[in-house]
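Peer 1: here is my input; please provide its structure:
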Amino acid sequence: MRDMKQSLFEISENKQIALNTYRMKLRGEGPEAVRPGQFVNVKLQPFFLRRPISVCDVNEDELTLIYKAVGEGTKAMSKLKDGTLDLLTGLGNGYDLSRSGERPLLIGGGVGVPPLYLLAKELRKQEKHVQVILGFNKKDEIFMEKEFKDLGCKVIVTTADGSYGIKGFVSDAMKDFEYSYFYSCGPMPMLKAVDKTAKSEGEFSFEERMGCGFGACMGCSIKVKDGYKRVCKEGPVFERKEILWED
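Peer 2: Next up, the predicted model:
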(Lines give C-alpha, C1' and ligand atoms only; values in the text may rest on other atoms or scores of the structure.)
Protein backbone atom coordinates (compact mmCIF):
# COMPACT_ATOMS: atom_id res chain seq x y z
CA MET A 1 0.00 0.00 0.00
CA ARG A 2 1.42 3.35 -1.05
CA ASP A 3 1.05 5.27 2.23
CA MET A 4 1.59 2.36 4.65
CA LYS A 5 4.50 2.90 6.99
CA GLN A 6 5.92 0.87 9.87
CA SER A 7 7.16 3.02 12.74
CA LEU A 8 7.86 2.94 16.46
CA PHE A 9 5.77 5.34 18.52
CA GLU A 10 6.39 6.37 22.13
CA ILE A 11 3.44 6.23 24.52
CA SER A 12 2.91 9.68 26.08
CA GLU A 13 -0.57 9.04 27.54
CA ASN A 14 -2.88 6.09 28.11
CA LYS A 15 -5.86 7.25 30.12
CA GLN A 16 -9.34 5.91 30.82
CA ILE A 17 -11.96 8.41 29.60
CA ALA A 18 -15.22 6.42 29.91
CA LEU A 19 -16.42 2.95 30.84
CA ASN A 20 -13.85 0.47 29.42
CA THR A 21 -12.71 3.23 27.04
CA TYR A 22 -9.17 4.60 26.83
CA ARG A 23 -7.33 7.42 25.06
CA MET A 24 -3.76 6.72 24.02
CA LYS A 25 -1.46 9.44 22.73
CA LEU A 26 1.64 8.40 20.82
CA ARG A 27 4.60 10.36 19.52
CA GLY A 28 6.50 9.29 16.44
CA GLU A 29 7.59 10.09 12.93
CA GLY A 30 5.18 10.90 10.14
CA PRO A 31 1.63 10.51 11.54
CA GLU A 32 0.55 13.64 9.65
CA ALA A 33 0.03 11.45 6.55
CA VAL A 34 -3.09 9.88 8.14
CA ARG A 35 -6.41 10.90 6.58
CA PRO A 36 -9.79 10.96 8.35
CA GLY A 37 -11.21 7.43 8.41
CA GLN A 38 -7.90 5.61 8.16
CA PHE A 39 -6.62 3.27 10.85
CA VAL A 40 -3.41 1.93 12.34
CA ASN A 41 -2.47 -1.66 13.13
CA VAL A 42 -0.87 -2.01 16.55
CA LYS A 43 1.60 -4.76 17.49
CA LEU A 44 1.00 -5.93 21.07
CA GLN A 45 3.16 -8.51 22.79
CA PRO A 46 2.75 -11.49 23.03
CA PHE A 47 -0.14 -11.54 20.54
CA PHE A 48 0.46 -12.73 16.97
CA LEU A 49 -2.10 -10.55 15.17
CA ARG A 50 -1.98 -6.79 15.26
CA ARG A 51 -5.00 -4.82 16.54
CA PRO A 52 -6.63 -2.39 14.05
CA ILE A 53 -7.66 0.90 15.69
CA SER A 54 -9.14 3.97 14.01
CA VAL A 55 -7.21 7.22 14.22
CA CYS A 56 -8.96 9.84 16.34
CA ASP A 57 -6.60 12.76 15.78
CA VAL A 58 -3.20 13.75 14.42
CA ASN A 59 -1.18 16.79 15.42
CA GLU A 60 2.37 17.21 14.07
CA ASP A 61 4.23 14.23 15.60
CA GLU A 62 1.36 13.11 17.86
CA LEU A 63 -1.22 10.44 17.10
CA THR A 64 -4.35 9.92 19.23
CA LEU A 65 -6.18 6.59 19.43
CA ILE A 66 -9.36 5.92 21.40
CA TYR A 67 -10.21 2.27 21.95
CA LYS A 68 -12.37 0.02 24.08
CA ALA A 69 -10.77 -2.68 26.24
CA VAL A 70 -12.90 -5.69 25.31
CA GLY A 71 -10.59 -8.51 24.22
CA GLU A 72 -7.31 -9.80 25.62
CA GLY A 73 -5.24 -7.60 23.30
CA THR A 74 -6.94 -4.29 24.04
CA LYS A 75 -7.11 -5.15 27.75
CA ALA A 76 -3.35 -5.61 27.69
CA MET A 77 -3.03 -2.35 25.76
CA SER A 78 -5.02 -0.48 28.42
CA LYS A 79 -2.40 -1.40 31.05
CA LEU A 80 0.54 0.14 29.13
CA LYS A 81 1.82 3.33 30.74
CA ASP A 82 5.06 3.97 28.85
CA GLY A 83 7.42 2.41 26.32
CA THR A 84 7.05 2.11 22.56
CA LEU A 85 4.60 0.45 20.19
CA ASP A 86 5.17 -0.83 16.67
CA LEU A 87 2.49 0.62 14.36
CA LEU A 88 1.56 0.24 10.73
CA THR A 89 0.09 3.63 9.78
CA GLY A 90 -1.78 4.98 6.75
CA LEU A 91 -3.99 1.91 6.39
CA GLY A 92 -7.31 1.83 4.56
CA ASN A 93 -9.05 4.48 2.52
CA GLY A 94 -10.56 7.46 4.31
CA TYR A 95 -13.67 9.59 4.07
CA ASP A 96 -14.14 11.73 0.96
CA LEU A 97 -14.41 15.33 2.20
CA SER A 98 -15.16 16.65 -1.28
CA ARG A 99 -18.69 15.21 -1.17
CA SER A 100 -19.72 16.78 2.14
CA GLY A 101 -21.68 19.79 0.90
CA GLU A 102 -22.25 22.69 3.29
CA ARG A 103 -24.11 20.84 6.07
CA PRO A 104 -22.56 17.40 6.61
CA LEU A 105 -23.94 15.12 9.31
CA LEU A 106 -21.52 12.87 11.21
CA ILE A 107 -23.06 9.87 12.99
CA GLY A 108 -21.04 7.76 15.40
CA GLY A 109 -21.85 4.97 17.79
CA GLY A 110 -19.57 3.83 20.64
CA VAL A 111 -16.02 3.23 19.40
CA GLY A 112 -17.23 4.40 15.98
CA VAL A 113 -17.06 7.95 17.35
CA PRO A 114 -13.25 8.54 17.35
CA PRO A 115 -12.54 8.57 13.58
CA LEU A 116 -15.28 11.17 13.13
CA TYR A 117 -13.34 13.68 15.24
CA LEU A 118 -10.49 14.07 12.73
CA LEU A 119 -13.11 14.26 9.97
CA ALA A 120 -15.00 16.99 11.83
CA LYS A 121 -11.77 18.92 12.39
CA GLU A 122 -10.92 18.87 8.69
CA LEU A 123 -14.45 19.83 7.65
CA ARG A 124 -14.46 22.74 10.10
CA LYS A 125 -11.21 23.98 8.51
CA GLN A 126 -13.26 24.19 5.30
CA GLU A 127 -15.87 26.24 7.23
CA LYS A 128 -18.55 23.59 6.78
CA HIS A 129 -21.54 23.57 9.16
CA VAL A 130 -20.76 20.26 10.83
CA GLN A 131 -23.51 18.45 12.72
CA VAL A 132 -22.77 15.46 14.92
CA ILE A 133 -24.87 12.69 16.49
CA LEU A 134 -23.11 10.54 19.09
CA GLY A 135 -24.81 7.34 20.22
CA PHE A 136 -24.09 5.34 23.39
CA ASN A 137 -25.87 2.77 25.53
CA LYS A 138 -25.70 4.76 28.77
CA LYS A 139 -24.24 7.89 30.37
CA ASP A 140 -21.01 6.40 31.72
CA GLU A 141 -19.99 5.30 28.20
CA ILE A 142 -20.08 8.83 26.75
CA PHE A 143 -16.88 10.49 25.53
CA MET A 144 -15.78 13.32 23.20
CA GLU A 145 -18.98 15.38 23.38
CA LYS A 146 -17.03 18.45 24.55
CA GLU A 147 -14.27 17.96 21.98
CA PHE A 148 -16.74 18.09 19.08
CA LYS A 149 -18.46 21.14 20.57
CA ASP A 150 -15.09 22.87 20.96
CA LEU A 151 -14.61 22.50 17.19
CA GLY A 152 -17.83 24.48 16.69
CA CYS A 153 -20.01 21.49 15.74
CA LYS A 154 -23.66 21.14 16.63
CA VAL A 155 -23.72 18.01 18.82
CA ILE A 156 -26.58 15.75 19.91
CA VAL A 157 -26.02 12.76 22.18
CA THR A 158 -28.36 9.77 22.37
CA THR A 159 -28.41 7.00 24.96
CA ALA A 160 -30.36 3.78 24.60
CA ASP A 161 -31.46 3.87 28.26
CA GLY A 162 -32.23 7.61 28.35
CA SER A 163 -29.67 8.34 31.08
CA TYR A 164 -28.27 11.30 29.10
CA GLY A 165 -29.36 13.36 26.10
CA ILE A 166 -32.06 11.97 23.83
CA LYS A 167 -33.44 8.57 24.74
CA GLY A 168 -33.14 6.22 21.79
CA PHE A 169 -30.72 5.60 18.95
CA VAL A 170 -28.81 7.76 16.49
CA SER A 171 -31.35 6.94 13.78
CA ASP A 172 -34.09 8.49 15.96
CA ALA A 173 -32.15 11.75 16.23
CA MET A 174 -31.40 11.88 12.49
CA LYS A 175 -35.01 12.75 11.72
CA ASP A 176 -34.54 16.21 13.25
CA PHE A 177 -31.59 17.21 11.03
CA GLU A 178 -31.29 18.74 7.59
CA TYR A 179 -28.03 17.71 5.95
CA SER A 180 -26.26 17.64 2.60
CA TYR A 181 -24.34 14.40 3.11
CA PHE A 182 -23.60 12.00 5.95
CA TYR A 183 -20.62 10.10 7.32
CA SER A 184 -21.12 7.22 9.75
CA CYS A 185 -19.10 4.77 11.81
CA GLY A 186 -20.26 2.23 14.38
CA PRO A 187 -21.58 -1.29 14.91
CA MET A 188 -23.42 -3.01 12.07
CA PRO A 189 -26.98 -2.73 13.53
CA MET A 190 -26.46 1.02 13.87
CA LEU A 191 -25.17 1.37 10.31
CA LYS A 192 -28.18 -0.52 8.96
CA ALA A 193 -30.53 1.77 10.91
CA VAL A 194 -28.72 4.83 9.57
CA ASP A 195 -29.11 3.54 6.01
CA LYS A 196 -32.85 3.04 6.48
CA THR A 197 -33.28 6.55 7.89
CA ALA A 198 -30.87 8.61 5.76
CA LYS A 199 -32.23 11.25 3.38
CA SER A 200 -29.03 11.78 1.38
CA GLU A 201 -26.05 9.95 -0.01
CA GLY A 202 -23.26 9.19 2.42
CA GLU A 203 -20.42 6.97 3.55
CA PHE A 204 -20.12 4.16 6.09
CA SER A 205 -17.00 2.99 7.88
CA PHE A 206 -17.17 -0.74 8.61
CA GLU A 207 -15.76 -2.59 11.59
CA GLU A 208 -14.40 -6.03 10.66
CA ARG A 209 -11.97 -8.57 12.10
CA MET A 210 -8.67 -8.39 10.20
CA GLY A 211 -5.58 -10.48 9.73
CA CYS A 212 -2.85 -8.49 8.00
CA GLY A 213 -4.61 -5.11 7.83
CA PHE A 214 -3.22 -4.17 4.39
CA GLY A 215 -4.99 -6.39 1.86
CA ALA A 216 -2.73 -9.43 1.56
CA CYS A 217 -4.70 -12.10 3.43
CA MET A 218 -8.22 -11.32 2.08
CA GLY A 219 -9.67 -12.24 5.49
CA CYS A 220 -11.85 -9.14 5.82
CA SER A 221 -13.50 -9.26 2.39
CA ILE A 222 -17.18 -8.33 2.13
CA LYS A 223 -19.59 -8.58 -0.78
CA VAL A 224 -20.65 -5.30 -2.38
CA LYS A 225 -22.73 -4.56 -5.46
CA ASP A 226 -19.85 -4.99 -7.90
CA GLY A 227 -18.13 -7.97 -6.27
CA TYR A 228 -15.95 -8.33 -3.20
CA LYS A 229 -13.85 -5.67 -1.48
CA ARG A 230 -11.43 -5.78 1.43
CA VAL A 231 -12.45 -3.72 4.45
CA CYS A 232 -8.79 -3.10 5.31
CA LYS A 233 -7.80 -1.76 1.87
CA GLU A 234 -10.73 -0.72 -0.35
CA GLY A 235 -12.49 0.10 2.92
CA PRO A 236 -13.08 0.62 5.76
CA VAL A 237 -15.07 3.48 4.22
CA PHE A 238 -17.65 2.60 1.55
CA GLU A 239 -20.20 4.73 -0.27
CA ARG A 240 -23.83 4.09 0.59
CA LYS A 241 -24.71 3.23 -3.01
CA GLU A 242 -22.25 0.30 -3.22
CA ILE A 243 -23.21 -1.56 -0.02
CA LEU A 244 -25.22 -4.77 0.11
CA TRP A 245 -26.85 -5.05 3.52
CA GLU A 246 -27.25 -8.61 4.77
CA ASP A 247 -30.21 -9.58 6.96
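Peer 1: please compute how far the top strand by length along the chain lies from its chain's middle.
Peer 2: Among the segments of the chain that qualify as a strand by DSSP state E, the longest is strand 5-18. A distance of 16 Å separates the centroid of the chain from that of strand 5-18, by CA atoms, centre = their mean, to the nearest Å.
Peer 1: roughly how far out does stretch 51-71 sit from the chain middle?
Peer 2: That offset, for stretch 51-71, works out to 9 Å (CA atoms, centre = their mean).
Peer 1: pLDDT score assigned to G211?
Peer 2: As predicted, G211 sits at a pLDDT of 63.
Peer 1: what are the buried residues along stretch 117-125?
Peer 2: Neighbour counts over stretch 117-125 (16 or more other CB atoms under 10 Å) mark 117-123 as buried. Every C-beta, even on glycine, is put in place using the N, C-alpha and C of the backbone.
Peer 1: now tabulate the residues you listed in TSV and tack on pLDDT, distance to G227 and secondary structure.
Peer 2: TSV is the format used below for those (pLDDT from 0 to 100; distance: CB to CB, whole Å; DSSP: H, G, I helix; E, B strand; the rest coil):
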residue	pLDDT	distance to G227	secondary structure
Y117	98	32	helix
L118	97	30	helix
L119	98	27	helix
A120	98	32	helix
K121	97	34	helix
E122	97	30	helix
L123	98	31	helix
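Peer 1: which pair of the residues you listed spans the longest distance?
Peer 2: Y117 and L123 (10.8 Å; CB to CB).
Peer 1: can you tell me which of the buried residues of stretch 117-125 is nearest L88?
Peer 2: Nearest member of the buried residues of stretch 117-125 to L88, counting by CB to CB, is L118, at 17.8 Å.
Peer 1: poorly predicted segments of this structure, please.
Peer 2: Along the chain, the parts satisfying pLDDT under 70 run over 1-3, 30-33, 208-219, 247.
Peer 1: return the distance of the residue nearest the centre of the chain relative to I53.
Peer 2: Most central in the chain under CA atoms, centre = their mean is P115, positioned 3.1 Å from the mean C-alpha point. As judged by CB to CB, to the nearest Å, P115 and I53 stand 10 Å apart.
Peer 1: quickly list what's touching both of the two.
Peer 2: Residues touching both P115 and I53 (CB atoms under 8 Å, 6 or more residues apart in numbering) are F39.
Peer 1: list the buried ones in stretch 229-247?
Peer 2: Neighbour-count burial for stretch 229-247 [16+ other CB under 10 Å]: 229-238, 240, 243.
Peer 1: could those residues be laid out in CSV, adding secondary structure?
Peer 2: Converted to CSV, the buried residues of stretch 229-247 look like this (DSSP: H, G, I helix; E, B strand; the rest coil):
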residue, secondary structure
K229, strand
R230, strand
V231, coil
C232, coil
K233, coil
E234, coil
G235, coil
P236, strand
V237, strand
F238, strand
R240, helix
I243, strand
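Peer 1: the helix or strand just after the longest strand of the chain pairs with which strands?
Peer 2: Downstream of strand 5-18, the first helix or strand assigned by DSSP states H and E is strand 21-27. Here strand 21-27 has these sheet partners by DSSP bridges: strand 5-18 (antiparallel), strand 62-68 (antiparallel).
Peer 1: what residues sit buried inside the first one?
Peer 2: In other words, strand 5-18. Buried, per 16+ other CB under 10 Å, within strand 5-18: 5, 7, 9, 11, 14, 18.
Peer 1: tell me the one among the residues you listed nearest to E203.
Peer 2: Nearest member of these to E203, counting by CB to CB, is K5, at 24.4 Å.
Peer 1: beta partners of that closest one?
Peer 2: Under the criterion used (DSSP bridges), K5 bridges to T89.
Peer 1: please renumber the chain so that the first residue is 44 from this point on.
Peer 2: Got it, the first residue is 44 from now on, which makes the last one we talked about K48.
Peer 1: my guess is it meets T132, correct?
Peer 2: Yes: the pair K48 and T132 passes the contact test of CB atoms under 8 Å, sitting 5.1 Å apart.
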